[in-house]
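A.B. asks: Pasting a predicted model and its sequence here:
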There are 2 protein chains.
Amino acid sequence: MIVDALLAVLPADRVVLDPDVMASYQHDEAEWAPSATPLAVVRPATADEVQATVRACLDHGTAVVTRGAGTGLSGGANATAGCIVLALDRMTAITEIDHLERYAVVQPGVINDDLRAAVAEVGLWYPPDPASSPWSTIGGNVATNAGGLCCVKYGVTRDYVMGMEVVTGTGEKVRLGRRTAKGVAGYDLAGLMVGSEGTLGVITEITVKLRPLQDPQRTVAGYFDSIVDAGRAVAAVAAAGLTPSALELVDKQCLLAVDAWKNMGLSVDAEVVLLGRVDTPGQIGDQEAEKMLACFDEGGATWSAVSTDQEEADALFAARRLAYPAMERLGPVLTEDVCVPKRHVPEMLSRIEKIGIAHDVVIANIAHAGDGNLHPLLITPPGDDAARARSQAAFAEIIDAALALGGTVTGEHGVGLLKMHGLVQELDPVVLAMHRAVKGALDPQGILNPGKVFDQLGSPV
Amino acid sequence: MIVDALLAVLPADRVVLDPDVMASYQHDEAEWAPSATPLAVVRPATADEVQATVRACLDHGTAVVTRGAGTGLSGGANATAGCIVLALDRMTAITEIDHLERYAVVQPGVINDDLRAAVAEVGLWYPPDPASSPWSTIGGNVATNAGGLCCVKYGVTRDYVMGMEVVTGTGEKVRLGRRTAKGVAGYDLAGLMVGSEGTLGVITEITVKLRPLQDPQRTVAGYFDSIVDAGRAVAAVAAAGLTPSALELVDKQCLLAVDAWKNMGLSVDAEVVLLGRVDTPGQIGDQEAEKMLACFDEGGATWSAVSTDQEEADALFAARRLAYPAMERLGPVLTEDVCVPKRHVPEMLSRIEKIGIAHDVVIANIAHAGDGNLHPLLITPPGDDAARARSQAAFAEIIDAALALGGTVTGEHGVGLLKMHGLVQELDPVVLAMHRAVKGALDPQGILNPGKVFDQLGSPV
């Protein structure tokens, strides 16, 4: 019946009912997060079509699960039983690049790297660079407040969203935010939408702030015999007052998996590699790179150097970006996303190692180490149910450890389905009640991505 | 009756009933914004006392108007009939400065300059620097999302708020946000509180992000015969792709008023002065300063120079900061706060000039010109009701002009009382309805600063 209603208001090719195609839109990349076959997948071409879809779903009390490229890692975009999946992958226009005011206006389906390439042509830079940037969309990045490699110096998606167009939970199409450099006219509802994972509105257009192109970066590489040594180097960088433009950690398991896949000729004689970058121009930047090198050595690096070979440096960062999909090829990967205070990075890495041993789970590690955002990857042999149970137990224990160290259950991937229990541990019941109140205010019928992030229907605490 | 209830739960010295003292807490600096004598002024010393106050007010259905130093310019902190004023000027502790994680935890009554001085001692910097920084509080800065001089490069208060403690509209005390570098656990309720002008919660503690100390700045000064010429120079700076660390405009009337007050020995042979700053280190910064100079000349500067005299440069910036209080000494000043796209700064300044002439209103000008945030000051002879009416008409017309150029009615001062009509012009009725819904969700009894910002009780549109 909702499907008939959709077919009545949308061009026929917008409504996908083919089971095989629908299956490809059913879930994101979160391992073991539940999903169901949707009633239909709608692939609108315009904001008006999004609005027509939401209105039809309001009429029929049908849940709307919005998604971009489906590269999410927490199940936030997974279809639920009886829902419509609203896939924005057809809305890929870069509507405007304003060189003087330094912003771009984009549709939500624009791929992150495509935006970066387009604005680079006029000498501008869109900094947020999740490792998924070759595949993930700006809409998805905004919905999850995605981070990335350069966030350690340049901030996260939230810091670059000036305004947006949204179809609300009541089926209205509105503009939130601004296009001026400053503005405080009313509540920051655009900011509230960022990271709300499709539960407060459907974002149909985004205005993002741009910066001048980044200065050339020096790369500092360090090899370590243990992950805790590498963690000590990370804490030393923070203690030295340095602001790297990236500070990434990747372990041998990940590098070997990337090499086995892409044959990049990586040969690394270390258990763990730290990759730092410095983009401060001139001599001062050279000095900062040398200081970072000293911090690596202080942490116990077995080898370290400021790279003189840009190609080699780029290859190492490319390997870092490919680490997750490379590991995923080898079997189910449960991806953690905890973030802890920088001084606790060594301790947290040590606890992760112990948790892996205690539960007999292989844990590989990548991390945006510079801002304490760790991504332990829990590897499980395909089809091994006992291993899966051990992996899930370890996952929960890593969350406990992060919270105990003053951290958060999710640094940049979002809550989705996988971190719902963690969120309840992290937030005060009163704060969860505030979430429900805001949700009820902006989506009174509860049709936007129900069942995700927090218990949206729970009674006030 | 509410007064008895307050006296029952608070130490006696917290409750101010003396009419003369209460009068000093009755309104902020907004000219002609209405205010009334409150039932009492409460000056709590702790968050628990704030909570006790809010709970007593909930019991009695009494409105709570929270204020910091009262330096606001839109009437947001003005007392309303039958309200309690909650003055947080006793809560001035800097609780923690974490050098390694780069944050500070402060009570809301901490003066902006005091925080800046305290963190500078450990080599850190809190960038947001409203011109009121010697007097205004961090709590007030957060409640209005204050901007300032360095925002053109370093962003506004919003960009530095990591987390906070809040007493909610239901009288609960909660923590929002985080202390880690990243975090996306749930809705950005801390961000929602920023700029909400006391209508969604009472902020009792704030965790602010810090940066390393700013590099030394070069100052570029330019003299112009007309404000529109100076505006052209501002647009040229933006078009050249420069990112100044400040770009301020101040006219002769303001400089003369400051000199008459402070006797600073300013002698300026120009109608309008532009003050630019560049903090990029090294040769690149030198080149940027030269480029800015060329932009000033392109705009038609009659004289321009990169200052070699740091003392003289500092005096000019000090004069800029004192411009508003200096003008205020001369009579009633209605302060505008529009923000327009940078390319429209010359056109907007031209319209302001014409509006002043058309309404026979003297308009002095200061501006955070680099981000298009203009503060025309409408000067009126004391006690001249006809002039007051003309001034208010000009004020409304400036708002119309800013909106017509794609701008906003308030760049950094907030809506308060003076811009409520402007907000209705700027925002879609549906967006206003979203405001009411959020307000109703978080302050269901409507006791937090009612009657401000938007028609909080209006029926949904």
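C.D. replies: All right, it came through fine.
A.B. asks: Counting neighbours, which bits of stretch A:317-324 end up buried?
C.D. replies: With burial defined by 16 or more other Cβ atoms under 10 Å in any protein chain shown, the residues of stretch A:317-324 counted as buried are A:317, A:319-324. To be clear about C-beta, it is placed using only N, CA and C from the backbone, and glycine gets the same treatment.
A.B. asks: Same list (those) but as TSV, adding secondary structure.
C.D. replies: Formatted as TSV, the entries for the buried residues of stretch A:317-324 read as follows, by DSSP: H, G, I helix; E, B strand; the rest coil:
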residue	secondary structure
A:Phe317	helix
A:Ala319	helix
A:Arg320	helix
A:Arg321	helix
A:Leu322	helix
A:Ala323	helix
A:Tyr324	helix
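A.B. asks: Can you tell me the number of residues neighbouring A:Ala36?
C.D. replies: When neighbours are counted by other Cβ atoms under 10 Å in any protein chain shown, A:Ala36 registers 14.
A.B. asks: And the pLDDT at it?
C.D. replies: The confidence metric pLDDT takes the value 97 at A:Ala36.
A.B. asks: And for A:Ala230, the neighbour number?
C.D. replies: Using other Cβ under 10 Å, A:Ala230 has 30 other residues around it.
A.B. asks: So what does it look like in phi/psi?
C.D. replies: Reported as degrees, to the nearest 10, the phi and psi values for A:Ala230 are phi -60, psi -40.
A.B. asks: pLDDT score for it?
C.D. replies: The score at A:Ala230 is 96. That number is its pLDDT.
A.B. asks: does it really touch A:Ala236, like I thought?
C.D. replies: No - with the criterion set as Cβ atoms under 8 Å, A:Ala230 and A:Ala236 do not qualify as a contacting pair; they are 10.5 Å apart.
A.B. asks: how much space is there between the closest residue to A:Tyr324 other than its chain neighbours and A:His413?
C.D. replies: What sits nearest to A:Tyr324 in space, not counting adjacent residues and going by Cβ to Cβ, 6 or more residues apart in numbering or on different chains, is A:Ala131, at 6.3 Å. A:Ala131 sits 11 Å away from A:His413, taking Cβ to Cβ, to the nearest Å as the criterion.
A.B. asks: now A:Ala143
C.D. replies: Distance, A:Ala143 to A:His413, by Cβ to Cβ: 11 Å.
A.B. asks: The two: which is more packed in?
C.D. replies: Set A:Ala143 next to A:His413 and count neighbours by other Cβ under 10 Å: A:Ala143 wins out with 31 against 27.
A.B. asks: if you average pLDDT over the helix or strand hosting that one, what comes out?
C.D. replies: Counting by DSSP states H and E, the element that carries A:Ala143 is helix A:138-144. The average pLDDT within helix A:138-144 is 98.
A.B. asks: Which strands or helices does that helix pack on?
C.D. replies: Packed against helix A:138-144, as judged by 3 or more Cβ pairs under 8 Å, 6 or more residues apart in numbering or on different chains; DSSP states H and E, are the following elements: strand A:64-67, helix A:112-120, strand A:201-209.
A.B. asks: can we see that at 10 Å?
C.D. replies: Packed against helix A:138-144 by the contact rule (3 or more Cβ pairs under 10 Å, 6 or more residues apart in numbering or on different chains; DSSP states H and E) you find strand A:64-67, strand A:103-106, helix A:112-120, strand A:161-168, helix A:189-193, strand A:201-209.
A.B. asks: Can you tell me which of the ones you listed is packed in deepest?
C.D. replies: Comparing those on average neighbours per residue, with mean count of other Cβ atoms under 10 Å in any protein chain shown, the densest one is strand A:64-67 at a mean of 28.
A.B. asks: so what secondary structure elements neighbour the following helix or strand past it?
C.D. replies: Read in the C-terminal direction, the helix or strand following strand A:64-67 is strand A:84-87, with elements assigned using DSSP H and E. Applying 3+ Cβ pairs under 10 Å, 6+ apart, one finds that strand A:84-87 contacts helix A:2-9, strand A:15-16, strand A:40-42, helix A:47-60, strand A:64-67.
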